[in-house]
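> Please find the sequence and the predicted model below.
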Amino acid sequence: MTILNMVGWGATAVVSVSYFFREATILRRVQAAAAILWMVYGFLIGSKPVIVANIIVATVAMYSSLRTRETSPD
């Protein structure tokens, strides 16, 4: 298995696992991690749309995970 395939399958696995998390903060952080793996995959295959889309997803996921944490009641 090539590094390219491992990154792609790893990203797929992380996205799939994210559906098992119920807490919003953890869910979004796992999704951000998956997006980062997809960005790496995008760099490896030379696909700007994959890279840019996942930069957006990772940024929004991390921002919303921090915002959710700040606004949630203690």
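Looks like it came in fine. Numbering: from 1, shown residues only.
> Using CSV, write down the CA coordinates of stretch 20-28.
Output of stretch 20-28 as CSV, limited to C-alpha atoms (Å, rounded to 0.1, in the frame of the first residue of the first chain):
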residue,chain,number,x,y,z
PHE,A,20,-19.7,8.1,16.8
PHE,A,21,-19.0,11.2,18.9
ARG,A,22,-22.0,13.0,20.4
GLU,A,23,-20.2,15.9,22.1
ALA,A,24,-20.1,18.8,19.6
THR,A,25,-16.6,19.9,20.6
ILE,A,26,-15.0,16.5,20.2
LEU,A,27,-17.0,15.8,17.0
ARG,A,28,-15.7,19.0,15.4
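> chain center to that stretch: distance?
Between the centre of stretch 20-28 and the centre of its chain there are 12 Å (CA atoms, centre = their mean, to the nearest Å).
> And the worst-scoring helix or strand of the chain on mean pLDDT, what does it pack against?
Lowest on mean pLDDT, DSSP states H and E among the helices and strands of the chain sits helix 48-71, with a mean of 90. Contacts defined by 3 or more CB pairs under 8 Å, 6 or more residues apart in numbering; DSSP states H and E place helix 48-71 against helix 24-45. (C-beta placed from N, C-alpha, C; glycine too.)
> Pull the residues that contact the helix it packs on.
3-4, 7-8, 10-11, 14-15, 17-18, 21, 48-51, 53-55, 57-58, 61-62, 64-65, 68-69, 72 (CB atoms under 8 Å, 6 or more residues apart in numbering).
> Helix 48-71 and that one, what's the angle between them?
160 degrees (axes from the mean of the first three to the mean of the last three CA atoms, to 10 degrees).
> Can you point out the buried residues in helix 24-45?
27-42 (16 or more other CB atoms under 10 Å).
> Same check on stretch 6-20?
By 16+ other CB under 10 Å, the buried positions in stretch 6-20 come out as 7-8, 10-11, 14-15, 18.
> before we move on, back to that, max pairwise distance over the buried residues of helix 24-45: which two?
Maximum pairwise distance in the buried residues of helix 24-45, criterion CB to CB, is 22.3 Å, between L27 and G42.
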